[in-house]
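> Sharing a model prediction with you, sequence too.
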There are 2 protein chains.
Amino acid sequence: MLQLVPGDSTKVLILGSDGYLGWPLTLRLLARGHEVSGMDNLFTRRAVAEVGSTSGVPILGPEGRVRAAKELLGSSPTFYRGDVTNYKALEKVISKERPDAVVHFAEQRSAPYSMIDERHAAYTMSNNIVGTINLIYAVMKSGRDTQVVKMGTMGEFGTPNFDIPEAAWVDTKINGKMDTITVPKWAGSWYHWTKVHDTNNLLFANRLWGITSTDIMQGPVYGLRTTDITDPRLFTRFDFDGDWGTVLNRYCVEAVLGMPLTVHGKGGQVRGFLSLEDSMEALRLLLENPPEPGGYRPVNQFRELYSVAELADFVKDVGGRMGLDVKITNIKNPRVEKEQHHYKVESKVLPSLGFNRLKKNIKDEIRLILEDLAPYKSRLGRYRKAIMPRTLWKK
Amino acid sequence: MLQLVPGDSTKVLILGSDGYLGWPLTLRLLARGHEVSGMDNLFTRRAVAEVGSTSGVPILGPEGRVRAAKELLGSSPTFYRGDVTNYKALEKVISKERPDAVVHFAEQRSAPYSMIDERHAAYTMSNNIVGTINLIYAVMKSGRDTQVVKMGTMGEFGTPNFDIPEAAWVDTKINGKMDTITVPKWAGSWYHWTKVHDTNNLLFANRLWGITSTDIMQGPVYGLRTTDITDPRLFTRFDFDGDWGTVLNRYCVEAVLGMPLTVHGKGGQVRGFLSLEDSMEALRLLLENPPEPGGYRPVNQFRELYSVAELADFVKDVGGRMGLDVKITNIKNPRVEKEQHHYKVESKVLPSLGFNRLKKNIKDEIRLILEDLAPYKSRLGRYRKAIMPRTLWKK
């Protein structure tokens, strides 16, 4: 990783710095020479335990992580344990750190978890929306031009018949009259709806107060390795259970454990996938290339479109060549979603910054994941029961 | 008011039954022969006091109201003091009452209040959204076909160039492809955004679980009298301050106090207004004529479109003929909104139920308000300082 010349470094505060994306982004930015601070209430650690699961690879606690970064990378983040729904706590960190950018990952990020019951639905709504409101006010009141990088999801769009634009606004004709509207959204879970609500709230704040915003619609991320994670002490968490694991990560664990890969329904659900390394590289590019002050920049963040059935075939193929006996099974879809649909997504921001220049093969990435997970087979096996989906959309 | 024959009566639970609309709806339904229960945490009473104001006419406490209804109407509601954001409390009331319909007014309803600061913004978001989520789950888990009547606002639509349909979905062409999308929304305050978020959440629940829903987009309501309010002991609250008073109610108080009517900006802001009596009649019609089980019925609830400048002219005219010296002044608009714009709204549900058959003249309604307020001139005068807007959208 090339280090920046000192004048080019920025101060970045990562909210949710202990999470799957938050920790490797901390490492990526440190390795690149940026000044990094992080804030986290460690909710995800507790919530994954709540559903009877754990990270598939062992991870250090937040203080251990700071020490490991210092030892292995030569620099470390300032870590604040705190909750972004506590405005005073958030404001204190922001006024102390005076960041050039705040990356907002501090949201409950599991769709199934949000659908467990009313308590989980209400928590997800309140936590995610209030966190973003607090961030908007803390940045607005700081009076500084801080870039807010908010992590949303491509799931906000649902699966429309139109090609999904990479834009906040789109021209359309309704009842015979032309108008410019926000890009239509239709989410598939309470979690996904909080992201829609957050996008609307941030866009409103941008229009009203000029909050400089990068609003990322990200597809499902897979993998557990980035070029900065050079030692197991730097591992980020890796979730694979029915509530917290994203599809390809779950498949890989199933392959390692000799369980059949569980495709939800017909498997024609197409999404825009990217690896953890891709996600880090995209985030680095966006942070090092902020929008104009007061700008609002929506980004569709993914590398390639695949159906979830195709991904299962890839894992079967790669696993087979590694000597694993991989079977595929179609299970009843716990979610309510279209299993065959149109899906085309515009992507121009990240390519314009140099993302995607490197040709990558997803099968190589899958091989890496399977190799990385192999030493943890017995750990994963202890949580075998947590893999099947238990949260159903239809009650 | 014609009483229903017993078999036609329904059981209605009103959440927010102590409020401006909740209390007169209680009376309207009781007078009509329905069984009514109510739940309220009395938030609005405290929040109006918080901004240094009070109801323009004296109102009884919730227990006094129950007694007055019993004495004056011969029947009374069951009242529960409680908070709908407390799921257990809400579920208890719903399982005890087993209502045919739940009317949801239990939301923070002031746009300026939501814009005061981060604490008020976060409260509005969390309170309104969690209340609706709790209601959705309580109804879904009851297993009964209960109509959810949710009060939203025509402010959810903003001021689009297209004619506003009375529908959840609308056909449109985006990027050259036809699709059916939710009616585009663009709100003007955190309060209004919570109503958009609620609409999305309720529509999602309707699609997923078949929650029978009437989703009302109501324009600003004016007045303090309905045909059921035959005695001052039955008064509903009447707000007129800069944070809680809607525009025509504020004008009327200004006229009574000899203050100039304060038109925000140019005054070309057009909205769909209705009187308190109209609102009650519309709600009664919707409750007595529910949608099909599992249906989702959006309603644009208003009588006529006026600009806020026109309304000021009406008050000046009516007040003048009553001997008041009414002046009009244009003040800097505290909100960020278009002051000249297209505005056309579809309305077919309420007319199909018989609403609007009676021709009404808004000037007659204004005369009634001014007459009703006259005895309370000195009470209103004590809160004169609270009338001017203090909450600014631009910080």
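Yep, that arrived. Numbers count the residues shown, from 1 in each chain, chains lettered A, B, ... in the order given.

> With residue A:4 as the reference, measure out to residue A:227.
16 Å (CB to CB, to the nearest Å). (Each C-beta comes from the backbone N, C-alpha and C, glycine too.)

> what's the answer for residue A:37, then?
Taken as CB to CB, the span from residue A:37 to residue A:4 is 17 Å.

> ok, which stretches of chain A are helices?
Ranges of helices in chain A, per DSSP state H, are A:22-31, A:43-50, A:62-73, A:87-97, A:111-114, A:118-142, A:190-209, A:247-257, A:276-288, A:308-321, A:349-352, A:362-373, A:377-381.

> of those, which approaches residue B:33 most closely?
Across those, the minimum distance to residue B:33, taken as CB to CB, is reached by helix A:118-142, at 33.3 Å.

> Next, the angle helix B:118-142 makes with the closest one.
Counting by axes from the mean of the first three to the mean of the last three CA atoms, to 10 degrees, helix A:118-142 lies at 160 degrees to helix B:118-142.

> Could you tell me how many residues sit around the closest residue to residue A:113 other than its chain neighbours?
Spatially, and ignoring its direct neighbours in sequence, residue A:113 is nearest to residue A:243 (4.9 Å; CB to CB, 6 or more residues apart in numbering or on different chains). For residue A:243, the tally of surrounding residues (other CB atoms under 10 Å in any protein chain shown) stands at 23.

> distance of residue A:243 from chain B?
Taking CB to the nearest CB, to the nearest Å as the measure, residue A:243 and chain B are separated by 18 Å.

> Same check on residue A:364?
Relative to chain B, residue A:364 is positioned 34 Å away (criterion: CB to the nearest CB).

> If I look at that residue, what pLDDT would I see?
Looking at residue A:364, its pLDDT stands at 96.

> ok, it - how many residues close by?
Burial measure for residue A:364: 10 neighbouring residues, criterion other CB under 10 Å.

> what does stretch A:255-264 rub up against?
The contact list for stretch A:255-264, computed with CB atoms under 8 Å, 6 or more residues apart in numbering or on different chains, reads A:247, A:250-251, A:254, A:308-309, A:312, A:315-316, A:319, A:324-331, A:333-335, A:370, A:373-374, A:377, A:380-381, A:384, A:387-389.

> thinking again about what came up before, if you count surrounding residues, which of residue A:37 and residue A:4 has more?
When residue A:37 and residue A:4 are compared on other CB under 10 Å, the one with more neighbours turns out to be residue A:37, at 21 against 13.

> I'd assumed residue A:75 was in contact with that one.
No - in this structure residue A:37 lies outside contact range of residue A:75 using CB atoms under 8 Å: 12.0 Å.

> what ranges of chain A fall below the confidence cut-off?
Confidence mapping of chain A against pLDDT under 70 gives the ranges A:1-3, A:5-7, A:358.

> go again using 90 as the cut-off
Under the criterion pLDDT under 90, the flagged ranges of chain A are A:1-9, A:356-360, A:395.

> Might one say that residue A:87 is in contact with residue A:135?
No - Residue A:87 lies out of contact with residue A:135 (CB under 8 Å); the separation is 9.5 Å.

> Compare those two and say which is more crowded by neighbours.
Neighbours per residue (other CB under 10 Å) separate residue A:87 from residue A:135, with residue A:135 holding more: 29 against 21.

> which residues touch that one?
Under the criterion of CB under 8 Å, 6+ apart, the contact list for residue A:135 reads A:15, A:84, A:90, A:102, A:104, A:148.

> nearest residue to residue A:38 other than its sequence neighbours?
Excluding its sequence neighbours, the residue lying closest to residue A:38 (CB to CB, 6+ apart) is residue A:17, at 2.5 Å.

> In contact with that neighbour, which residues?
If you count contacts by CB under 8 Å, 6+ apart, residue A:17 has them with A:23, A:25-26, A:37-40, A:77, A:79, A:105.

> can I get those residues in a markdown table with distance to residue A:356?
A markdown table is the format used below for the contacts of residue A:17 (distance: CB to CB, whole Å):
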| residue | distance to residue A:356 |
| --- | --- |
| A:23 | 24 |
| A:25 | 19 |
| A:26 | 24 |
| A:37 | 30 |
| A:38 | 28 |
| A:39 | 31 |
| A:40 | 30 |
| A:77 | 28 |
| A:79 | 32 |
| A:105 | 23 |
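
> quick one: which of these is nearest to chain B?
For those, the closest approach to chain B (CB to the nearest CB) belongs to residue A:39, at 16.7 Å.

> I'd like the distance between residue A:263 and residue A:313.
Distance check for residue A:263 against residue A:313: by CB to CB, it reads 10 Å.

> same check, this time on residue A:55
Residue A:55 is 27 Å from residue A:313, where distance means CB to CB.

> Which one of the two is surrounded by more residues?
More crowded of residue A:55 and residue A:313, by other CB under 10 Å: residue A:55, with 22 against 16.

> Confirm for me that that one is in contact with residue A:238.
Yes - contact status for residue A:55 versus residue A:238: in contact at 5.5 Å, counting by CB under 8 Å.

> Please name whichever of the helices of chain A is nearest to residue A:157.
When the helices of chain A are ranked by proximity to residue A:157 (CB to CB), helix A:190-209 comes first, at 9.1 Å.

> Tell me if that closest one is near chain B.
Yes - where contact is defined by CB under 8 Å from any CB of the partner chain, part of helix A:190-209 touches chain B, namely A:190, A:193, A:196-197, A:200-201, A:204, A:208-209.

> Looking at the residues you listed, which one is closest to chain B?
Ranked by distance to chain B (CB to the nearest CB), the residues of helix A:190-209 next to chain B are led by residue A:197 at 4.5 Å.

> for the residue nearest to that closest one when sequence neighbours are not counted, what are its contacts?
In space, and not counting its chain neighbours, residue A:197 is closest to residue B:197: 4.5 Å by CB to CB, 6+ apart. By CB under 8 Å, 6+ apart, the contact set of residue B:197 is A:129, A:193, A:197, A:200, B:125, B:128-129.

> just the buried members of the residues you listed?
With neighbours counted by 16 or more other CB atoms under 10 Å in any protein chain shown, these contain buried members at A:129, A:193, A:197, A:200, B:125, B:128-129.

> TSV please, covering these and showing distance to residue A:117.
TSV is the format used below for the buried ones among the contacts of residue B:197 (distance: CB to CB, whole Å):
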residue	distance to residue A:117
A:129	19
A:193	16
A:197	20
A:200	26
B:125	21
B:128	20
B:129	16
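
> sorry, back to before: which neighbours do residue A:263 and residue A:313 have in common?
Common neighbours of residue A:263 and residue A:313 (criterion: CB under 8 Å, 6+ apart): residue A:328.

> ok, the residue nearest to residue A:381 when sequence neighbours are not counted to residue B:292 distance?
Using CB to CB, 6+ apart and skipping the chain neighbours, the partner closest in space to residue A:381 is residue A:257 (5.8 Å). Separation of residue A:257 from residue B:292 (CB to CB): 48 Å.

> again, but for residue A:129
Separation of residue A:129 from residue B:292 (CB to CB): 32 Å.

> Ok, residue A:322 next?
56 Å.

> Tell me which of these two has more neighbours.
In this comparison of residue A:322 against residue B:292, neighbours counted by other CB under 10 Å, the higher total goes to residue A:322 at 15 against 9.

> The more buried one touches residue A:366, doesn't it?
No - under the criterion of CB under 8 Å, residue A:322 lies out of contact with residue A:366, with a separation of 9.6 Å.

> and the stretch 251-395 of chain A, which residues reach chain B?
By the criterion of CB under 8 Å from any CB, the positions of the stretch 251-395 of chain A lying close to chain B are A:336, A:393-395.

> top of those by neighbour count?
Neighbours here are counted as other CB under 10 Å. On that basis the top member of those is residue A:393, with 17 neighbours.

> So that residue sits against residue B:208, correct?
Yes - Residue A:393 is within contact range of residue B:208, at 6.4 Å (criterion: CB under 8 Å).

> Could you name every residue contacting both of those two?
Among the neighbours of residue A:393, those also in contact with residue B:208 (CB under 8 Å, 6+ apart) are residue A:336.
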